[in-house]
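# Take a look and give me a structure for this.
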Amino acid sequence: MLEVVDVSGMATFQDAGRRGFQRYGVPVSGAMDWFAYRVANRLLDNPQNSTVLEIGLGDVILRAKRDCVLAATGAGFEIQNYVWTFPLWTSFYVRAGWSVQIKKTSGGNWAYLSIAGGFEAPQILGSTSAYLRGGIGNLLKVGDILENRKPTLELAKLAARNFSAHKLMPYSQTPTLAVIAGPQGARFNNSFFESEYAVSKSFDRMGYRLAGRAVETLDKTELISEGMTMGSIQITNQGQPMVMMADAPPTGGYPKIGNLIAADLPILAQCEAGVSQLRFREAQLEEAQAKYKALVSELAQPCK
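Next comes the predicted model:
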């Protein structure tokens, strides 16, 4: 059990997402960085779909109401537990009364905090994920009490674990990200794959707007709105790319030049506004499937 002592960032409960309701206009939501989310639960042997605390763009301070084990993953944060500082991608024991600070540093946007057993949170439409634009869930606030479910193992056996994330997920502020051609790819020239882009300050859980050389549109015929997924890359009327993220609406009317592959979505999620410099390359479906399957296979292995 944890008490929220202070929060300056965007802290919400998230799980693997709310599926089956897009036909009604409800986004999938879930973690912005699905890889870090999965590892946060894996470090503590939590069930795969367990609820975690997603912390973005600021600090959170929590106080343990009783002994517990926490794990933290993501990029751009560090953990201060009582008098010690821990890196991300580790699990650690917290005594009752100790304070834990998830502190924003640099090199990323999102951190994931799991607790042994998983956080207890109300389900709405089959998921605990907050979707703030739709009034589902809430931002955490000072004074909130965060309950947890029963751990799968004794606490001592879950602490002091670590995960070598960078062997599998090459987080970077200068990445080249793989894209599968989209349904309207033929509408554009090749400048998108020849240019460098920055994440603009106009980004959130719905989408990342990119700033850079405008993509030339060869066919300006307007489209009827059609389905979108996390990773869909739309080109706005100004020629700027916009990558849909976890809270992406189920449909959209801008043409889509491509879709970022699932294995590279965590890298983009952790790219910082005004810092990152991104490039894109074309990829085939077979490569996208192979990279994703390799990650999922590795994450299915037990953690020690």
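# Need the three-state assignment for Gly30.
Under DSSP: H, G, I helix; E, B strand; the rest coil, the three-state class of Gly30 is coil.
# Not counting its neighbours along the chain, what's nearest it?
Excluding its sequence neighbours, the residue lying closest to Gly30 (CB to CB, 6 or more residues apart in numbering) is Gly17, at 3.1 Å. No exception for glycine: its C-beta is placed from N, CA and C like everyone else's.
# for Phe163, same thing?
Closest to Phe163 by CB to CB, 6+ apart is Trp89, at 4.6 Å.
# Ser29: neighbouring residues, count only.
By other CB atoms under 10 Å, 31 other residues sit near Ser29.
# what's the distance between it and Arg205?
Here Ser29 is placed at a distance of 8 Å from Arg205 (CB to CB, to the nearest Å).
# low-confidence ranges in the stretch 201-304 of the chain?
Applying pLDDT under 70 to the stretch 201-304 of the chain flags the ranges 304.
# Please repeat the previous calculation with a cut-off of 80.
For the stretch 201-304 of the chain, applying pLDDT under 80 flags the ranges 219-220, 302-304.
# how about the strands in it?
Taking DSSP state E, counting those that start in this stretch to define them, one finds strands in the stretch 201-304 of the chain at 207-212, 226-227, 232-235, 241-244, 251-252, 256-260, 279-283.
# want to throw those strands into a markdown table with distance to Gln270?
Below are the strands of the stretch 201-304 of the chain laid out as a markdown table (distance: least, CB to CB, whole Å):
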| stretch | distance to Gln270 |
| --- | --- |
| strand 207-212 | 11 |
| strand 226-227 | 26 |
| strand 232-235 | 18 |
| strand 241-244 | 13 |
| strand 251-252 | 24 |
| strand 256-260 | 13 |
| strand 279-283 | 16 |
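# So which of the ones you listed is nearest Val7?
Nearest to Val7 among the strands of the stretch 201-304 of the chain is strand 207-212; the distance by CB to CB comes to 23.2 Å.
# what helices or strands is that closest one leaning on?
strand 197-203, strand 241-244 (3 or more CB pairs under 8 Å, 6 or more residues apart in numbering; DSSP states H and E).
# Out of these, which one sits most buried?
strand 241-244 (a mean of 24; mean count of other CB atoms under 10 Å).
# Which other helices and strands does that strand contact?
Identification of packing neighbours for strand 241-244 by 3+ CB pairs under 8 Å, 6+ apart yields strand 207-212, strand 232-235.
# Give me whichever of those is most buried.
Using mean count of other CB under 10 Å, strand 232-235 ranks as the most buried of the helices and strands packed on strand 241-244, with a mean of 24.
# Can you give the strand pairings for that one, parallel or anti for each?
Its sheet considered, strand 232-235 pairs with strand 241-244 (antiparallel), strand 256-260 (antiparallel) by DSSP bridges.
# Does the residue nearest to Gly30 touch Ser129 like I think?
Yes. If you go by CB atoms under 8 Å, Gly17 and Ser129 touch, sitting 6.0 Å apart.
# Which one's more surrounded, these two?
Neighbour comparison, Gly17 and Ser129: the larger count goes to Ser129, with 27 against 20 (by other CB under 10 Å).
# now the helices and strands packed on strand 207-212 in TSV, with distance to Val5?
Shown next, in TSV, are the helices and strands packed on strand 207-212 (distance: least, CB to CB, whole Å):
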stretch	distance to Val5
strand 197-203	28
strand 241-244	34
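# between the ones you listed, which gets nearest to Gly274?
When the helices and strands packed on strand 207-212 are compared by CB to CB, strand 197-203 sits nearest Gly274, at 6.4 Å.
# quick one: contacts of the closest one?
Residues outside strand 197-203 that contact it (CB atoms under 8 Å, 6 or more residues apart in numbering) are 208-213, 241, 271-280.
# returning to that earlier point: for the strands paired with strand 232-235, give me TSV that also has distance to Ala96.
Below are these laid out as TSV (distance: least, CB to CB, whole Å):
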stretch	distance to Ala96
strand 241-244	42
strand 256-260	43
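# Kindly check the end-to-end length of stretch 80-97 for me.
14 Å (CA to CA, to the nearest Å).
# Could you chop the protein up by domain?
Structural domains assigned to the chain are 2-166, 176-299, following automatic domain parsing.
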